[in-house]
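>>> Need a 3D model of the following:
(one chain, ligands or ions: 2)
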Amino acid sequence: MRVLVAGGAGYIGSVVTAVLLEGGHEVTVLDDLSTGHADAVPDGARFVQARLQESAPVLADVRPEAVLHFAAKSLVGESQVKPEIYWEHNVGGSLALLEAMRAVDCRRIVFSSTAATYGEPEQVPIREDASTRPTNTYGATKLAVDAMLTSYAAAYDFAAVSLRYFNVAGAAHGLGERHTTETHLIPIALQVAAGRRESITVYGEDYPTPDGTCIRDYIHVSDLADAHLLALTAPEPGEHRVYNLGNGTGFSVQQVVDAVREVTGHPVPVEVGPRRAGDPAQLVAASDRIRADLGWTPRHTDLAGIVRDAWEVAQQRAAAQA
Ligand SMILES: NC(=O)c1ccc[n+]([C@@H]2O[C@H](COP(=O)([O-])OP(=O)(O)OC[C@H]3O[C@@H](n4cnc5c(N)ncnc54)[C@H](O)[C@@H]3O)[C@@H](O)[C@H]2O)c1
Ligand SMILES: O=c1ccn([C@@H]2O[C@H](COP(=O)(O)OP(=O)(O)O[C@H]3O[C@H](CO)[C@H](O)[C@H](O)[C@H]3O)[C@@H](O)[C@H]2O)c(=O)[nH]1
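Ligands and ions are numbered 1, 2, ... in the order given. Below you'll find the predicted structure:
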């Protein structure tokens, strides 16, 4: 299939691009490099540096049969203080992309949605029919794009899938998390283990969880890539499907830090800080719907394995830079 990957120079998009190429697909990556890296675009993919907002000429040239849409701003804290960036890139950019697709009669899309669309959960594990009350602008913009896809499917026969990722982690194809502003737990803990940060601050240990720290559902980026390939061809024209993607098991911040110590063999000094605003105590996915509909099964559910893959790729990159 001829596929356009928007955001393919970022962490998740670059891994999925590598998997698409491996599967024999023809891939063009569109990315403005605002948080991505040109050298993360796998060999074999064509790369066009462009913003979503100016994607029309790129689609007119590429004429893709399907679009995988990862391009977004995704820092929750930033979204609270600079919301205009989130509405412009995530919502304005996505609208421009959908219009560019319509102009070339491309109606198949898989979109990176998020657990943040649900907000504070009423029930854990979280199912797709749970209420969606995002507690931050980032989640609100992603939910707006989900709604956009529902209406494009109804009005214009788009075949769309929103994949609501929980906490994506791990590495594959030599590609791992590489955010200039890193806020995610596992890469920060690995930077401490590597001696690149002195300590990690655990945001709160007074949550109503067994060890007092927050529980999250860490999904390996390779399992996420599998889901994208399945989702690419699943919906019929006129259908917008929404699937949660998590491995269904929660791990606490403390368990993650312990896994990082065990895998790396290095100390990880911890400081306990206050809770981070907007962090729910527990986010765990019920992913039964995608398992039942598409036969998706996560293969990398072991926390130590997820941490090990991320550590190995981070070490390789550090060695290459030295
Ligand atoms: N990492 C996670 O745990 C997680 C969880 C839920 C959802 N998501 C979503 O998955 C997607 C990928 O996340 P990631 O962690 O790989 O982030 P990332 O920042 O590494 O990748 C996003 C890419 O999009 C590009 N981009 C941003 N705005 C753009 C624009 N207007 N036009 C063109 N390119 C643009 C960036 O340069 C970057 O390469 C995002 O949509 C994110 O919201 C991520
Ligand atoms: O230095 C840190 C970083 C994180 N944490 C904790 O570790 C857990 C995981 O935090 P991350 O920042 O790694 O991930 P989030 O759960 O906040 O965010 C993820 O889930 C969100 C939905 O709520 C969005 O989808 C977002 O894109 C995705 O990365 C949280 O309890 C957080 O408080 C720390 O204690 N210290």
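
>>> what are the ranges of the strands in the chain?
2-6, 26-31, 46-49, 66-69, 108-114, 159-165, 167-169, 200-203, 215-216, 218-220, 240-245, 251-252, 270-273, 282-283 (DSSP state E).

>>> okay, those in a markdown table with mean pLDDT next?
Conversion of the strands of the chain to a markdown table gives the following (pLDDT from 0 to 100):
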| stretch | mean pLDDT |
| --- | --- |
| strand 2-6 | 98 |
| strand 26-31 | 98 |
| strand 46-49 | 98 |
| strand 66-69 | 98 |
| strand 108-114 | 98 |
| strand 159-165 | 98 |
| strand 167-169 | 98 |
| strand 200-203 | 98 |
| strand 215-216 | 97 |
| strand 218-220 | 98 |
| strand 240-245 | 98 |
| strand 251-252 | 98 |
| strand 270-273 | 98 |
| strand 282-283 | 95 |
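
>>> okay if I get the ones you listed as TSV plus distance to ligand 2 and mean neighbour count?
(C-beta placed from N, C-alpha, C; glycine too.) Listed next are these as TSV, based on distance: least, C-beta to the nearest ligand atom, whole Å; neighbours: other C-beta atoms under 10 Å:
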stretch	distance to ligand 2	mean neighbour count
strand 2-6	17	26
strand 26-31	18	25
strand 46-49	24	16
strand 66-69	15	26
strand 108-114	4	26
strand 159-165	6	24
strand 167-169	5	23
strand 200-203	4	18
strand 215-216	5	24
strand 218-220	9	25
strand 240-245	11	23
strand 251-252	8	21
strand 270-273	8	13
strand 282-283	6	20
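
>>> could the ones you listed go into a markdown table alongside distance to ligand 1?
Formatted as a markdown table, the strands of the chain follow (distance: least, C-beta to the nearest ligand atom, whole Å):
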| stretch | distance to ligand 1 |
| --- | --- |
| strand 2-6 | 6 |
| strand 26-31 | 5 |
| strand 46-49 | 9 |
| strand 66-69 | 8 |
| strand 108-114 | 4 |
| strand 159-165 | 4 |
| strand 167-169 | 4 |
| strand 200-203 | 16 |
| strand 215-216 | 9 |
| strand 218-220 | 8 |
| strand 240-245 | 9 |
| strand 251-252 | 14 |
| strand 270-273 | 21 |
| strand 282-283 | 11 |
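
>>> now the ones you listed as TSV including distance to E78?
Compiled in TSV, those are given as follows (distance: least, C-beta to C-beta, whole Å):
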stretch	distance to E78
strand 2-6	20
strand 26-31	19
strand 46-49	22
strand 66-69	20
strand 108-114	15
strand 159-165	19
strand 167-169	18
strand 200-203	17
strand 215-216	20
strand 218-220	22
strand 240-245	23
strand 251-252	26
strand 270-273	19
strand 282-283	20
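
>>> mind checking which of those is nearest E122?
Closest of the strands of the chain to E122 is strand 282-283, at 11.5 Å (criterion: C-beta to C-beta).

>>> list the helices and strands that closest one packs on?
strand 215-216 (3 or more C-beta pairs under 8 Å, 6 or more residues apart in numbering; DSSP states H and E).

>>> For the strand it packs on, what is the distance to the chain centroid?
Its chain's average C-alpha position is 16 Å from that of strand 215-216, according to C-alpha atoms, centre = their mean, to the nearest Å.

>>> Which residues lie in contact with whichever residue of the chain sits closest to ligand 2 in this structure?
Residue of the chain nearest ligand 2, by C-beta to the nearest ligand atom: C214 (3.0 Å). Applying C-beta atoms under 8 Å, 6 or more residues apart in numbering, we find C214 in contact with Y203, G204, Y207, S252, V253, D279, P280, A281, Q282.

>>> right, and P208 touches A281 too?
Yes: taking contacts as C-beta atoms under 8 Å, P208 lies within contact range of A281: 5.8 Å.

>>> of these two, who's got more company?
Applying other C-beta atoms under 10 Å to P208 and A281 shows that A281 carries more neighbours, namely 18 against 7.

>>> So the more buried one versus Y118, what's the distance?
Going from A281 to Y118 by C-beta to C-beta, to the nearest Å gives 13 Å.

>>> thinking again about what came up before, nearest to P187 among the strands of the chain would be which one?
Closest approach to P187 among the strands of the chain (C-beta to C-beta): strand 167-169, 8.4 Å.

>>> what packs against that closest one?
Partner elements for strand 167-169 (3+ C-beta pairs under 8 Å, 6+ apart): strand 218-220, helix 221-233, helix 303-321.

>>> out of the ones you listed, deepest packed?
Highest mean neighbour count among the helices and strands packed on strand 167-169 (mean count of other C-beta atoms under 10 Å): strand 218-220, with a mean of 25.

>>> returning to that earlier point: please name whichever of the helices and strands packed on strand 167-169 is nearest to I290.
Taking C-beta to C-beta, helix 221-233 is the member of these nearest to I290, at 6.3 Å.

>>> Residues contacting that closest one, please?
1, 3, 11-12, 15-16, 19-20, 23, 66, 68, 108, 110, 161, 163, 165, 168-172, 241, 243, 245, 247, 290, 294-296, 298-300.
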